[in-house]
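# Return atomic coordinates for the entry below.
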Amino acid sequence: VMAILCLATSLEDLKQRAAKMIVAYTYDGKPVTVDDIEATGAVTLLLKDAIKPNLVQTLDHTPVFVHGGPFANIAHGCNSVRATKAALKLGDYCITEAGFGSDLGAEKFLDIKCRLAGLKPNCVVLVSTVRSMKYNGGVAKEDLTKENLEALKKGSVNLGAHIENLKKFGINVVVAINHFYADTDAEIQFIKDYCAEKGAQVAVTKCFAEGSEGSVELAEKVVEACKGESGYKPLYSLDLSIEEKIETIAKEIYGANGVEYSAAAKKSIAEFNKLGADKMPVCIAKTQYSLSDNAKLLGRPTDFTLHIESVELSNGAGFVVCRTGSVMTMPGLSKKPAAYSIDIDENGNTVGLF
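Numbering: from 1, shown residues only. Take a look at the predicted model:
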């Protein structure tokens, strides 16, 4: 339902997508849709207000649409098409988020959302940190505040993989180094030099500490990168088979040697082909902690096989979902939810939100 909400271009489109949702199968294997059980109108009615983009603002009073929330590790990971198109009409520049790196949010944004919505982005902002690169270089979390150029160099291959992945879509890449207090000048300079070698623009952003003033350089480089026509192109053709699409993503984006399917996954693909799903894009559910399907493989893993455990059809959304490795589709929650700290005092003031 979240995917349908985010990909729908209008209330009528939402209704048509909802009608196609498969809710069950008959004993002889035929799909039963929302339309078959005559619930299309009721489902659409429940979503008639949810489809409207929600306008809020940043601390610097910049308008922002917050609309939709499919997680990029288990779904297509983008905000709604309606919010993006509204922002494109209302502002000179529209910046939209696709979470969890080039292997998850970005690949799905570019291969699913942009393709289905007719969007052509001019630039990708790839956010990285000194800390994350040192972590990918094998440094323990408690030691990330210490300067370690050797680990930074070792972990830089992860950033390099993301830059190369994004360039495969024909789009300019600007790397934003999200600055932390413990980052040293030597570490920042190393990343700048590394990005230059990879052919990507780079800017240090201190927006967390300094607000918009801390990201002027980044904004200027993004504006420059957006000049001219977009060179965007999807990674694969919809005419390829489901297996060929999966293999293309696995090899080109993850760096896998090949793909291995469980018996259940093979059976599902064969069934979905009969329903016409072979012409749909694929959405791969994968860990966000590694370019591979194994969360423990950091940096830029090589010589691994992507394991497809199961395949499902999101018929209303219009894509095939493939679960890899041991990925959980229920988001993990913290041991101490934020709700424990939220309260209202005797004067009616909200406390504990921040």
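# For the rest of this, base every contact and every neighbour count on C-alpha atoms.
Will do.
# Give me the nearest residue to D239, chain neighbours excluded.
K279 (6.0 Å; Cα to Cα, 6 or more residues apart in numbering).
# who touches the one you found in this structure?
L238, D239, L240, S241, I242 (Cα atoms under 8 Å, 6 or more residues apart in numbering).
# Likewise for C6?
I51, H67, G68, C78, N79, S80, V81, R82.
# same deal with C114?
With Cα under 8 Å, 6+ apart, C114 has these contacts: K120.
# Quick one: the helices in the protein, in order.
Along the chain, counting by DSSP state H, helices occupy 2-7, 11-20, 40-47, 81-90, 107-108, 114-117, 130-136, 149-167, 185-197, 207-210, 216-225, 242-249, 263-274.
# Can you list the helices and strands that the third one packs against?
So the one you mean is helix 40-47. Helix 40-47 is packed against helix 11-20, with contacts defined by 3 or more Cα pairs under 8 Å, 6 or more residues apart in numbering; DSSP states H and E.
# Tell me the buried residues in the helix it packs on?
For helix 11-20, a neighbour-count test (16 or more other Cα atoms under 10 Å) marks L11, L14, K15, Q16, R17, A18, A19, K20 as buried.
# got it, and stretch 163-173?
Across stretch 163-173, burial judged by 16+ other Cα under 10 Å covers I163, E164, N165, L166, K167, F169, G170, I171, N172, V173.
# Stretch 127-143 too?
127-139.
# Give me the residues contacting that stretch.
Identification of contacts with stretch 127-143 by Cα under 8 Å, 6+ apart yields 144-145, 148, 151-156, 158-159, 175-180, 183, 187-188, 191, 298-299.
# Was I right to think V81 contacts G118?
No. Using Cα atoms under 8 Å, V81 is not in contact with G118, being 9.8 Å away.
# More neighbours: the two, which one.
V81 (24 against 9; other Cα atoms under 10 Å).
# For that one, give its distance to R300.
Per Cα to Cα, to the nearest Å, V81 is found 32 Å from R300.
# cool, and E247?
Remark: distance between E247 and R300 (Cα to Cα) = 18 Å.
# What of L126?
Distance, L126 to R300, by Cα to Cα: 17 Å.
# In its sheet, which strands sit next to the strand ranked longest in the chain, and in what direction?
In terms of residue count, the longest strand belonging to the chain (DSSP state E) is strand 305-314. Paired neighbours of strand 305-314 in the sheet (DSSP bridges): strand 258-261 (parallel), strand 319-324 (antiparallel).
# what comes into contact with it?
So strand 305-314 is contacted by 21-22, 250, 256-262, 264-265, 268-269, 272, 277, 292-293, 319-325 (Cα under 8 Å, 6+ apart).
# Report the buried residues of it.
T305, L306, H307, I308, E309, S310, V311, L313, S314.
# same check, this time on stretch 191-207
Going by 16+ other Cα under 10 Å, stretch 191-207 has these buried residues: I191, K192, Y194, C195, A200, Q201, V202, A203, V204, T205, K206.
# got a list of what the closest residue to C78 other than its chain neighbours touches?
In space, and not counting its chain neighbours, C78 is closest to A98: 5.2 Å by Cα to Cα, 6+ apart. Residues in contact with A98 (Cα under 8 Å, 6+ apart) are A72, G77, C78, N79, G105, A106, F109.
# State the pair within these that is farthest apart.
N79 and A106 (12.0 Å; Cα to Cα).
# Which helix or strand in the chain has the lowest average pLDDT?
Ranking every helix and strand in the chain by mean pLDDT, DSSP states H and E puts helix 207-210 at the bottom, with a mean of 90.
# got a list of contacts for it?
So helix 207-210 is in contact with E213, G214, S215, going by Cα under 8 Å, 6+ apart.
# Repeat that for stretch 66-83.
2-3, 5-10, 52-56, 65, 96-100, 104-105, 108-109, 112-113, 117, 283-288, 321, 323, 327-329.
# I'd like to know which of the residues you listed are buried.
Applying 16+ other Cα under 10 Å to the contacts of stretch 66-83, the neighbour count classes 2-3, 5-9, 53, 65, 96, 98-100, 104-105, 108-109, 112-113, 283-288, 321, 323, 327 as buried.
# what about G255, how many residues close to it?
G255 is flanked by 22 other residues according to other Cα under 10 Å.
# one step back: which PyMOL command selects the buried ones in the contacts of K279?
Here is the PyMOL selection string for the buried members of the contacts of K279, based on 16+ other Cα under 10 Å:
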select buried, resi 238+241+242
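# Quick check: beta-bridge partners of V32?
Per DSSP bridges, the residues bridged to V32 are A24.
# Point out where the protein drops to low pLDDT.
For the chain, the stretches with pLDDT under 70 are 331-332.
# Could you rerun that using 90?
Residues of the chain that meet the criterion pLDDT under 90 lie in 29, 58-62, 69-72, 74, 99-100, 208, 211, 228-229, 325-339, 353-354.
# and the residue sitting nearest the centre point of it, how far is that from A19?
Centre of the chain computed as the mean C-alpha position; nearest residue by Cα atoms, centre = their mean is G105, 1.3 Å away. Distance, G105 to A19, using Cα to Cα: 27 Å.
# Over to C94?
From C94 to A19 the distance is 31 Å (Cα to Cα).
# Just the buried residues of the least confident helix or strand of the chain, please?
Neighbour-count burial for helix 207-210, counted by 16+ other Cα under 10 Å, picks out no residue.
# Could you check how far it is from the centre of its chain?
Helix 207-210 has its C-alpha centroid displaced from the chain centroid by 24 Å (Cα atoms, centre = their mean, to the nearest Å).
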